[in-house]
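**Student:** build me a model from this:
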Amino acid sequence: MDIIIEGNKKKIIQNNLTVPGDKSLTHRAIILSSIAQGESRISNFLDGLDCRNTLLCMQALGVNINKESASLLKIKGKGLNGLKLSRDILDVGNSGTTIRLLSGLLCGQRFNSVLDGDASIRKRPMQRIIQPLSQMNARIKGLLNENFAPLNIIGKQPLRGIDYTLPVASAQVKSAILLAGLYAREATTVREMQITRDHTERMLKFMQADIQTSPGRKIRLMPGNELKGVEIDIPGDISSAAYFLAAGSARKGAEIIIKNVGTNPTRTGFLKVLQDMNADAKIFNQRVISNEPRADICIKGSSLQGIQVDREIIANIIDELPLVAVLATMARGRTIVRDARELRVKESDRIKAMVEGLSRMGANIIERDDGFEIMGPTTLSGNEVNSFNDHRIAMSLTVAASYAKGKTIIKDAQCMDISYPNFLPVFQKIIN
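**Tutor:** Numbering: from 1, shown residues only. I've put the predicted structure just below:
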C-alpha cells in the first residue's frame, strides 16, 4: 500500500492524544506471563503485527491467552516448565524481538523447537544470541546457515549459568540470556558496556524473580523462583510518541500533549536529543505503575539547532535515530550521528534507507558507514520515497513529508501496522 502525504507547515490544532501501548513491554509481558504461575492481566497492550506473532507463538506452545477487549489480555500462566511442543514451526514474522527472546526461552525447555520468520528475519544476525546461549550449554543453530534463521533449538535442562559481557549493546540479547537463565542450575550474570532498555529486568522483578541490578551495569539472576502472575498496565510507547514530538518540535505555533507515555530512563534518550536541539519539550505528571515509570509530555514548536549525538546514547535511541535525521533537516547547522552501525541490521538498513529517502526530498545528507551527517535547515520537497517495508522508516518519512512542500508518496506504507496500527489517520488529524 502506497500513501500520499500533503506537506503542511500550519499550526497543529489537536493537542491532546495517547499512543498505543509499548511494543517492547507487550512482547515481554506476553512471554513472561505465559511462564508464570497463575493468571496475568495485561492492559493497554499493543495489538500490532509483531506482538501478535509473539502471542501466536506462545499459544502454539500451549498457553491459554484470551483477548478480553481491545485493550486487555488475560493469560493463564503455565509455570516455568508447563510449555508444550509446538506441532508447527514457530513463525515470528518480522519480529526480531520475538525470535531472539523466544530463543533464550526455548533453549531451556524439554522439547525441540524451530523458529523462523520472513525474508527480513532471515537476514538478521543471530550469532549474537547463539554464542552466549551455546556457552550456557544450549543447543541452537541455524538450519540453513549456522548464524541465521530458521533456528533449530534442541531443548535441554538444566542449562549452565554464565557471566557474560555484551559485546553489542542489545536488550534483545540480554533478555535472551536472562530467559535462558531461568532454566540454569546456577546464577547468570550479564554485564553491559552501554546501558540498554531494562524492561525485562523490571518485569522479572515485578513477577518475583530473584534478580538484582547494580549501577555498574551488572544484572544477576538466580534461578529457582517461579514467576507470579500479575496485573500489568503498559504505558504508551515512547517510540510511537516520538513521531508526534518530532512533528511538533520544529512547527511554528505547535503544541502537543501526549498522555501516559513510558518514561523508563533507558528509553528517554530521544527527549534528551530534542532538548539538546533546543526543542521545547517538558515532562510532567510522573508516576510509576507495574514497575515502569510513565508521564505526560508536552512539545511546543521552536527553532532547532544541529547537534552531535554521543555514542553513549545510541543504544537508548536506536529506534528514534531515523527521526533524528528528519529533525536535522529542520535544524540550523550540522548534525552528526556516529557509532550507529546497528541501524544497518534492523528491519532494513536504516542508514541507507533514510539517506536515500531524505536525499530524494532535497536534504543535504551524507551517508557514513556508522551513521550520517546532515547540514540544515533544508526546504524539503515532496517526492516518491521507499519505506523498504520498515515501519520506522515509513513513519519517519511521514513526518518528513509533513514538513515538505508538495506531495510525497511513501511506498509500501502498510508496514506501519507492525508497531502502530492506525498511525496514519491519527497523524493526519493532528497535522491539519
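**Student:** any low-confidence regions in the stretch 1-150 of the chain?
**Tutor:** 9-14 (pLDDT under 70).
**Student:** isn't Gln157 up against Arg110?
**Tutor:** Yes - Gln157 is within contact range of Arg110, at 6.0 Å (criterion: Cβ atoms under 8 Å). C-beta coordinates here come from the backbone N, C-alpha and C atoms, glycine included.
**Student:** thought Ala171 was touching Gln198, still the case?
**Tutor:** Careful, residue 198 is Asp; it's not Gln. Yes - using Cβ under 8 Å, Asp198 makes contact with Ala171 at a distance of 7.5 Å.
**Student:** neighbour count winner among those two?
**Tutor:** Regarding Asp198 and Ala171, a neighbour count based on other Cβ atoms under 10 Å identifies Ala171 as having more, with 25 against 20.
**Student:** so what's the more buried one up against?
**Tutor:** By Cβ atoms under 8 Å, 6 or more residues apart in numbering, the residues touching Ala171 are Ser24, Thr196, Arg197, Asp198, His199, Thr200, Thr266, Ala315.
**Student:** out of those, who's nearest Ser134?
**Tutor:** Thr200 (20.3 Å; Cβ to Cβ).
**Student:** that closest one belongs to a strand?
**Tutor:** No - according to DSSP: H, G, I helix; E, B strand; the rest coil, the state of Thr200 is helix, so it is not within a strand.
**Student:** pLDDT wise, what is it at?
**Tutor:** Predicted confidence (pLDDT) for Thr200: 98.
**Student:** any idea how far Leu221 is from it?
**Tutor:** 10 Å (Cβ to Cβ, to the nearest Å).
**Student:** mind exporting stretch 233-252 as CSV, just the C-alpha atoms?
**Tutor:** The C-alpha trace of stretch 233-252 is given here as CSV (Å, rounded to 0.1, in the frame of the first residue of the first chain):
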residue,chain,number,x,y,z
ASP,A,233,-0.5,-1.9,32.9
ILE,A,234,1.5,-1.0,29.8
PRO,A,235,2.3,2.7,29.2
GLY,A,236,2.2,4.4,25.8
ASP,A,237,5.2,3.6,23.6
ILE,A,238,7.7,6.5,23.7
SER,A,239,9.0,5.3,20.3
SER,A,240,5.5,5.9,18.9
ALA,A,241,5.1,9.2,20.7
ALA,A,242,8.4,10.3,19.1
TYR,A,243,6.8,10.8,15.7
PHE,A,244,4.4,13.4,17.1
LEU,A,245,7.1,15.0,19.2
ALA,A,246,9.2,15.3,16.0
ALA,A,247,6.2,16.6,14.0
GLY,A,248,5.6,19.4,16.6
SER,A,249,9.1,20.3,17.6
ALA,A,250,10.0,22.4,14.5
ARG,A,251,6.5,23.6,13.6
LYS,A,252,5.7,27.2,14.5
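**Student:** tell me which residues of it are tucked away?
**Tutor:** By neighbour count on 16 or more other Cβ atoms under 10 Å, the buried set for stretch 233-252 is 233-251.
**Student:** then stretch 157-176?
**Tutor:** Within stretch 157-176, the residues scored as buried using 16+ other Cβ under 10 Å are 159, 161-162, 164, 166, 169-176.
**Student:** tell me which two in these are the farthest apart.
**Tutor:** So, the buried residues of stretch 157-176 by Cβ to Cβ: farthest apart are Leu159 and Ala169, at 23.8 Å.
**Student:** now the helices: where do they sit in the stretch 1-150 of the chain?
**Tutor:** 23-34, 49-60, 96-107, 127-135 (DSSP state H, counting those that start in this stretch).
**Student:** who wins for proximity to Glu255 among these?
**Tutor:** helix 23-34 (26.5 Å).
**Student:** and the angle for the closest one with helix 96-107?
**Tutor:** Interaxial angle, helix 23-34 versus helix 96-107 (axes from the mean of the first three to the mean of the last three Cα atoms, to 10 degrees): 20 degrees.
**Student:** same for helix 23-34, what does it pack against?
**Tutor:** strand 37-43, helix 49-60, strand 72-78, helix 96-107, helix 171-181, helix 199-206, strand 231-233 (3 or more Cβ pairs under 8 Å, 6 or more residues apart in numbering; DSSP states H and E).
**Student:** redo those as JSON lines? Include distance to Arg122.
**Tutor:** Shown next, in JSON lines, are the helices and strands packed on helix 23-34 (distance: least, Cβ to Cβ, whole Å):
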{"stretch": "strand 37-43", "distance to Arg122": "30"}
{"stretch": "helix 49-60", "distance to Arg122": "15"}
{"stretch": "strand 72-78", "distance to Arg122": "29"}
{"stretch": "helix 96-107", "distance to Arg122": "10"}
{"stretch": "helix 171-181", "distance to Arg122": "16"}
{"stretch": "helix 199-206", "distance to Arg122": "25"}
{"stretch": "strand 231-233", "distance to Arg122": "32"}
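**Student:** which one of these lies nearest to Pro421?
**Tutor:** helix 49-60 (8.3 Å).
**Student:** identify all contacting residues around that closest one.
**Tutor:** Residues outside helix 49-60 that contact it (Cβ under 8 Å, 6+ apart): 23, 26-27, 30-31, 34, 45, 65, 73, 86-88, 90-95, 97-98, 101-102, 417-419.
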